[in-house]
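Student: 3D, please:
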Amino acid sequence: MGLRLLARLLPATLPAVLAVLAACAVGPNFKRPAPPAASDYGKATPQDTTVATQGTGGAAQHFDGGADIPGEWWTLFNSQPLTNLVQQALKANPGVDAAQAALRQAHELYAAQRTSFLPTVQGGFSAVRAKNALGTLANPTSLPQVNPYYNLYTAQLSLSYSPDVFGGTRRTLEAAGAQVEAASFELIATDLTLSSNVVVTAIQEAALRGQIAATERLLALQHQLTDTARQQRSIGTTSDVDLLPQEAAEAQTAATLPPLQKQLGVTRDALTALLGRLPSEEPAEVFHLEDLTLPTLLPLSLPSKLVAQRPDVLLAEANLHAASAEVGVAVANMLPQFAITADTGSAALAISQLFNPYTKFWDAGASLTQTLFDAGALLHRRRAAEDALDQAGAQYRAAVILACQNVADTLRALSADADALKANVDAERAARAAFELTRKQHLLGTVREVALLNAEQTYRQAEIALIQAQANRYADTAGLFQALGGGWWNRPQGTFK
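Tutor: Next up, the predicted model:
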């Protein structure tokens with residue numbers, strides 16, 4: 001009987017369903033924002049090639065506006081240990097797991113919302129034991145009332161359907177789909193940030209190891225000079241005036257080692273945490289700047305292309321899409337709501353009598369409801385949705401500006417890094433030569449201890465500055481790949497699911 005009833009209802013409801021499908025959804029239709037009209041990054045747009053110099057990280061870098069970004073851009077540093085750690089981090093970092101779970105949740109919510117277009121059918125069965133009041137006229141049966149106690153068994157099948165006349169359900173589904181996109185781009189952004197952090201942290205570790213090694217070399221040299229000064233003092237060829245400044249210089253150099261070693265330990269802890277491990281599970285890989293290759297061919301996407309590949313901009317666009325759909329939902333809630341219901345089943349005083357021809361029942365109906373007075377609640381909700389759309393639009397524009405700013409800042413940094421590295425190479429070479437010459441002259445007794453100390457200090461500062469300049473060039477190169485979106489679109493299909 002229930003199936004036959006549903007079959008009779010379908011022809012009656014089919015016109016309404018077709019009308020729903022043909023109707024237009026209320027609220028604004030989302031349109032992707034126009035890309036920036038700028039053709040470059042202003043004064044930050046670099047020349048085709050940076051300057052080159054000798055030594056680690058001194059290769060010239062060429063900017064190519066037509067080059068694409070590799071999906072695994074970190075492999076361009078030609079370091080297998082670095083590649084291994086990035087891959088481990090992308091598999092084990094809890095942040096990636098959380099973003100993947102959020103994406104799965106968004107998919108499930110979208111699938112749940114999609115079912116709103118179909119009728120809901122529910123089945124139920126109830127059994128009631130009751131006593132009828134003897135002192136009233138009420139009588140559940142037409143028979144003489146002998147026993148006031150009776151049982152009532154009811155089996156029922158209910159159908160309910162809310163036609164999407166004004167598109168509120170479609171707008172809700174549209175918002176859920178936009179949330180799926182947002183969760184997907186959130187996962188991509190997490191992936192990009194994590195891989196960039198691993199690379200930059202490894203470069204920072206390499207720079208600290210270089211600074212520690214340079215300080216230890218200078219400390220060993222100063223120790224030799226201190227021993228020489230002590231020997232000369234013991235035989236009377238020099239005095240405390242020469243010895244004490246040298247001992248102070250050696251102590252000052254030694255005092256710079258613990259902070260560097262502490263920073264190296266903290267960096268190693270940060271790298272371990274990025275891999276999703278506890279500090280006791282520190283990776284075996286170590287990094288030195290000499291083991292990294294500076295990428296020489298660098299992509300340079302136009303602003304109009306940048307907004308289509310930066311995950312944070314795409315995330316802001318998805319949020320803007322969701323906010324647009326929510327305005328439609330708020331508008332639809334202010335309009336009449338339609339519902340179609342039907343019930344069929346059987347009710348009997350004995351379970352054995354269920355489903356006989358005399359105990360069956362059915363009903364079918366339709367309803368329309370319209371809120372007449374709610375003190376302006378629906379109006380305020382619609383206005384709030386419009387305000388949220390304005391907010392999402394402003395946040396999207398801010399994301400575009402930030403994306404272009406990041407690229408411009410990185411381009412400025414890369415051009416300056418190349419010039420700074422060349423200057424630091426020249427300065428380190430000159431300081432080293434001056435220190436060696438001063439040391440020889442000091443051994444011959446032709447220069448005073450003060451001149452040697454000044455040469456030592458200048459040489460140490462030049463060597464540390466050179467290492468920092470080298471590290472800056474590697475780190476800012478990684479920053480450019482991150483600023484341009486990281487090439488996630490060139491990763492294997494299904495990576496971000």
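
Student: can you pull out the helices in the stretch 301-450 of the chain?
Tutor: Per DSSP state H, counting those that start in this stretch, the stretch 301-450 of the chain carries helices over the ranges 303-306, 311-333, 377-444, 449-483.

Student: tally of neighbours for P336?
Tutor: 11 (other CB atoms under 10 Å). Bear in mind the C-beta positions are built from the backbone N, C-alpha and C, glycine included.

Student: go on, R432?
Tutor: 16.

Student: then G123?
Tutor: 10.

Student: what about the strands in the stretch 101-250 of the chain?
Tutor: 120-131, 149-161 (DSSP state E, counting those that start in this stretch).

Student: switch these over to TSV; also include distance to A255.
Tutor: Formatted as TSV, the strands of the stretch 101-250 of the chain follow (distance: least, CB to CB, whole Å):
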stretch	distance to A255
strand 120-131	75
strand 149-161	78
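
Student: who wins for proximity to Y41 among the helices of the stretch 301-450 of the chain?
Tutor: helix 377-444 (4.3 Å; CB to CB).

Student: what is the orientation angle of the closest one with helix 311-333?
Tutor: 170 degrees (axes from the mean of the first three to the mean of the last three CA atoms, to 10 degrees).

Student: E247 reaches D227, doesn't it?
Tutor: No - here E247 lies out of contact with D227, judged by CB atoms under 8 Å, at a distance of 10.5 Å.

Student: settle it for me: which of those two has more neighbours?
Tutor: E247 (16 against 12).

Student: picking that back up, tell me which of the strands of the stretch 101-250 of the chain sits most buried.
Tutor: strand 149-161 (a mean of 16; mean count of other CB atoms under 10 Å).

Student: off-centre distance for that one?
Tutor: Relative to its chain's centre, strand 149-161 lies at 51 Å (CA atoms, centre = their mean, to the nearest Å).

Student: pairing partners for that strand, with directions?
Tutor: Neighbouring strands of strand 149-161 in its sheet, by DSSP bridges, are strand 120-131 (antiparallel), strand 337-348 (antiparallel).

Student: and the last one, which residues are buried?
Tutor: When you say that, I think you mean strand 337-348. For strand 337-348, a neighbour-count test (16 or more other CB atoms under 10 Å) marks Q337, F338, I340, T341, A342, D343, T344, G345, S346, A347, A348 as buried.

Student: give me the below-cutoff pLDDT ranges for the stretch 251-400 of the chain.
Tutor: Within the stretch 251-400 of the chain, the set of residues satisfying pLDDT under 70 is empty.

Student: quick check: buried residues in stretch 307-320?
Tutor: Neighbour-count burial for stretch 307-320 [16+ other CB under 10 Å]: 307, 309-320.

Student: same thing with stretch 284-295?
Tutor: Quick answer for stretch 284-295 (16+ other CB under 10 Å): E285, F287, L289, D291, L292, L294, P295.

Student: equivalent analysis for stretch 396-407, please.
Tutor: So for stretch 396-407, counting by 16+ other CB under 10 Å, buried means Y396, A399, V400, A403, C404, N406, V407.
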